[in-house]
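Novice: Here is my input; please provide its structure:
(one chain, ligands or ions: 1)
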Amino acid sequence: MKLKTRAVRDGDHYVVHGQKVWISTAQVANKILLLARTTPIEECKGTEGLSLFYTDMDRSKVEVREIEKLGRKCVDSNQVFIDGLRIPVEDRVGEEGKGFSYILHGLNPERILIASEAVGLGRAALKRAAGYANEREVFGRPIGQNQGIQHPLAKSWMELEAADLMVQKAAWLYDQHLPCAAEANSAKYLAAEACYHACENAIFTHGGMGYAKEYHVERYLRESWIPRLAPVSPQLILCFIAEKVLGLPKSY
Ligand SMILES: Cc1cc2nc3c(=O)[nH]c(=O)nc-3n(C[C@H](O)[C@H](O)[C@H](O)COP(=O)(O)OP(=O)(O)OC[C@H]3O[C@@H](n4cnc5c(N)ncnc54)[C@H](O)[C@@H]3O)c2cc1C
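Specialist: Numbering: from 1, shown residues only. Predicted coordinates for the structure are as follows:
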C-alpha cells in the first residue's frame, strides 16, 4: 500500500498534506473519512503505518475540484488537495497505524452492495427492453417475437440471476462472519459484467431509440460502467482470484 498522504503528529493534533482523486460528495460534505500515512513507508511493511481519521472538512485547508464525468450525475466526484489540515487526536479512529485493517472491514460489503446495485440496474434495463420489444411493431409484428431480439435478453436474464446468486452467497457469508473476499469480488465482477451486457442489449432492442434520452437505456449503459470500473477494476479482481483462490503467483 503506497499511499502517500501524510499525517504528522504535532502535539495533540496531526497535520495532513496530500491529495486523492475520485472523492464522492466533497462539494457538500462537512466531514471527511481519511486514511493517511502516519509512519514513513520505508519504516513499515505491507499495509502498516496508515491511520484512519474522521474529522471536519476545514475548507481553508482542503481544496476540492469537481471532475466532469460521463454519468452518475446525482453525486459529485472530485479531486481533493489537502494542505496543512489539522486533525485533533480524538478524531483518529482506533489505534495509530491500524487504519488499513479498519478500512478492510468495509471493502467486502461495499463490493457486495455495488454488485447488488448492478443486478438491479441490469434488471431495470431488461424490463424496459422487454416492454419495448412487446410494443414496437416492425413488419407487422412485435420485434420481441423475433428470436434475434429474444435470445440476448434471455441470456442477460440468466447472467443476472447467476450473478445474483453469487451476491446472495457473498452476503450470507458476510452475515455469518465467514471469509467472503473471493465471493464478494466475484459477485462484483459477475454482476457488473451481466449488468453491462443487459444495458447494451437494452439499447439494441430499442434500435435508434436506444440512443434517445427519452428511453433512459443510454443512461443505464453509462451508469453500468461504474460498477465495472469501481471500487476495484475487473482486471484486479481476476488477479485476486488467480492469486488467492487458485494459488498462482502474485502478478502485480
Ligand atoms: C464515478 C466514479 C466514482 C468513484 N468513486 C470513488 C470513491 O468514492 N472513492 C474512491 O476511493 N475511489 C473512487 N473511484 C475510483 C475507482 O475506485 C478507481 O478509479 C478504480 O478502482 C480504478 O483505479 P484507477 O482509476 O487508479 O485505475 P489504474 O490503477 O490507473 O488502472 C487503469 C487500468 O489498468 C488496469 N491495471 C492496472 N494494473 C493492472 C495489472 N497489474 N494487471 C492488469 N490490469 C491492470 C486497471 O484494471 C485499469 O483497467 C471512483 C471512480 C469513478 C469512475
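
Novice: Does L34 touch L50 like I think?
Specialist: No. Using Cβ atoms under 8 Å, L34 makes no contact with L50, being 10.2 Å away. All C-beta spots, glycine's among them, are computed from the backbone N, C-alpha and C.

Novice: okay, these two: which has more neighbours?
Specialist: L34 (27 against 24; other Cβ atoms under 10 Å).

Novice: Show me where the stretch 1-150 of the chain has its strands.
Specialist: Ranges of strands in the stretch 1-150 of the chain, per DSSP state E, counting those that start in this stretch, are 6-10, 13-24, 31-37, 50-56, 62-66, 77-88, 92-93, 137-138, 141-142.

Novice: F204 and G210: what is the separation?
Specialist: Look at F204 and G210: by Cβ to Cβ, to the nearest Å, they are 6 Å apart.

Novice: again, but for T47
Specialist: 44 Å.

Novice: Tell me which of these two has more neighbours.
Specialist: When neighbours are counted by other Cβ under 10 Å, G210 comes out ahead of the other of T47 and G210, with 22 against 15.

Novice: got the contact list for that one?
Specialist: Shown in contact with G210 (Cβ atoms under 8 Å, 6 or more residues apart in numbering): 202-204, 217-218.

Novice: and what of V167?
Specialist: Applying Cβ under 8 Å, 6+ apart, the residues near V167 are 112, 115-116, 119, 187, 191.

Novice: now do Y252
Specialist: Taking Cβ under 8 Å, 6+ apart, we find Y252 in contact with 236, 239.

Novice: For it, give me the pLDDT.
Specialist: pLDDT recorded at Y252 is 89.

Novice: K244 too?
Specialist: K244 carries a pLDDT value of 97.

Novice: The ligand versus the closest residue to it other than its chain neighbours, what's the distance?
Specialist: Using Cβ to Cβ, 6 or more residues apart in numbering and skipping residues adjacent in sequence, the residue nearest K244 is A182, 6.4 Å away. In this view, A182 and the ligand are 18 Å apart by Cβ to the nearest ligand atom, to the nearest Å.

Novice: Against which helices or strands is the helix or strand A182 falls within packed?
Specialist: Counting by DSSP states H and E, the element that carries A182 is helix 181-205. For helix 181-205, the contact count by 3 or more Cβ pairs under 8 Å, 6 or more residues apart in numbering; DSSP states H and E identifies helix 99-135, helix 147-175, helix 217-229, helix 234-240 as packing neighbours.

Novice: Understood, closing this out.
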